[in-house]
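Q: heads up, no residue letters with this:
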Ligand code: OOG
Ligand code: NI
């Protein structure tokens, strides 16, 4: 029973990565270069630290709806984070077993937006009179896989997208990109020596011409010094709006994380370090800047 569930979870995750890799060409560019430089022997050598999704905090949607998918597969809800300036809530989830990524799910605090922005969002979401996840067969891999890319609301007009974008770039991102995977994350500490610190890996990325998010500095470091993160700036996707207008808008990105050993395990040799010896969880100050990977301050720089 457990094994069966784990297989389905792997299938769902694989299913998620397909459209993600098409929408984020920098992923293939980086993987190809990692193979060419012998950093990995095959793509499956990469350890995925975590994946992330964005949602709208309105009735029947938001984290309390979306999380049901992963709670069903044995994920456990962990710490809460609040991002006051960006008007976001977030939680992280630990996986049912080590080989699976952590999950970070955020939600827009829609009630904190201006009446005009709230009205725009509700004009799309108020048709939902029940939680769409409740009518999903969560054991059906294809149905769940499709759910991440299908639309739960009408295609936005360019005007609505643009108005939302002026007030909350996160809101505009979700109204168009919905539940497409926002990013996945390469565990840098799991790479071979020479590439296993974020500083070294960022240098490698920049030697390939990859543009990194520099909000608050390219390396975001937790106050305890044990969680370091960096990310690409979002690749653009061609958006077609309700009135037929098309334009390029920020899509998804790729993140990199270096987790250092906890003080009590710092004496362990590198090859004995397992996930349970390393700094776990997330960090508000880091996350606050990572969100900006899809913001125009980064994508237009
Ligand atoms: C998530 C940003 C935060 C992290 O690892 O702290 C994050 C997002 O952009 O939706 O990914
Ligand atoms: Ni992340």
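A: Done, it's in. Small disclaimer: the values here were computed from a predicted structure and weren't measured. Numbers count the residues shown, from 1 in each chain. Ligands and ions are numbered 1, 2, ... in the order given.
Q: Which positions within stretch 130-147 qualify as buried?
A: With burial defined by 16 or more other CB atoms under 10 Å, the residues of stretch 130-147 counted as buried are 131, 133, 136, 138, 141, 144, 145, 147. Yep, even glycine has a C-beta here, placed from its N, CA and C like the rest.
Q: and the gap between the residue nearest to the fifth one when sequence neighbours are not counted and ligand 2?
A: Here the nearest residue to residue 141 in space, its sequence neighbours aside, is residue 11; by CB to CB, 6 or more residues apart in numbering that works out to 4.5 Å. Taken as CB to the ion, to the nearest Å, the spacing of residue 11 relative to ligand 2 amounts to 23 Å.
Q: per-residue pLDDT, residue 11?
A: pLDDT for residue 11: 94.
Q: what helix or strand is it on?
A: Per DSSP states H and E: residue 11 is located in helix 2-23.
Q: With residue 170 instead?
A: Element membership of residue 170 [criterion: DSSP H and E] is helix 169-177.
Q: now that helix and helix 2-23, what's the angle there?
A: 100 degrees (axes from the mean of the first three to the mean of the last three CA atoms, to 10 degrees).
Q: quick one: contacts of helix 169-177?
A: Helix 169-177 is contacted from outside by 54-56, 86-88, 106, 108, 110, 113, 117, 121, 124, 153, 156, 160-162, 164-165, 237, 239, 249-252, 291, 294-296, using CB atoms under 8 Å, 6 or more residues apart in numbering.
Q: ok, now stretch 127-136?
A: 59, 60, 61, 65, 66, 68, 69, 143, 144, 147, 152, 153.
Q: Show me which residues of this structure are close to ligand 1?
A: Residues of the chain lying close to ligand 1 by CB under 6 Å from any ligand atom are 52, 54, 104, 106, 182, 229, 255, 282, 286, 287, 290, 291.
Q: can you narrow these to ones near ligand 2?
A: Applying CB under 5 Å from the ion, the subset of the residues of the chain next to ligand 1 adjacent to ligand 2 comprises 52, 255.
Q: Weed out the non-buried ones from the residues of the chain next to ligand 1.
A: If we count by 16+ other CB under 10 Å, the residues of the chain next to ligand 1 have these buried: 52, 54, 104, 106, 182, 229, 255, 282, 286, 287, 290, 291.
Q: The fourth one pairs with what?
A: In this case it means residue 106. Here residue 106 sits in beta bridges with residue 54, residue 90, going by DSSP bridges.
Q: Could you list which residues are in contact with it?
A: Residues near residue 106 by CB under 8 Å, 6+ apart: 52, 53, 54, 55, 63, 83, 88, 89, 90, 170, 291.
Q: thinking again about what came up before, from the contacts of stretch 127-136, which is closest to residue 17?
A: residue 144 (13.8 Å; CB to CB).
Q: quick one: secondary structure of that closest one?
A: helix (DSSP: H, G, I helix; E, B strand; the rest coil).
Q: Just give the number of residues close to the nearest residue to it once chain neighbours are set aside.
A: Nearest residue to residue 144 in three dimensions, chain neighbours excluded: residue 12, at 5.4 Å (CB to CB, 6+ apart). A count of nearby residues for residue 12, using other CB atoms under 10 Å, gives 21.
Q: ok, residue 12 - contacts?
A: By CB under 8 Å, 6+ apart, residue 12 lies in contact with 73, 141, 144, 145.
Q: could I get the residues you listed as TSV with pLDDT?
A: Formatted as TSV, the contacts of residue 12 follow (pLDDT from 0 to 100):
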residue	pLDDT
73	96
141	95
144	98
145	96
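Q: quick one: contacts for whatever residue of the stretch 151-300 of the chain ends up closest to ligand 1?
A: Here the stretch 151-300 of the chain gets closest to ligand 1 at one residue, residue 287, 3.1 Å apart by CB to the nearest ligand atom. Residues near residue 287 by CB under 8 Å, 6+ apart: 81, 83, 90, 104.
Q: Please identify the helix or strand for it.
A: Element membership for residue 287 (DSSP H and E) is helix 284-290.
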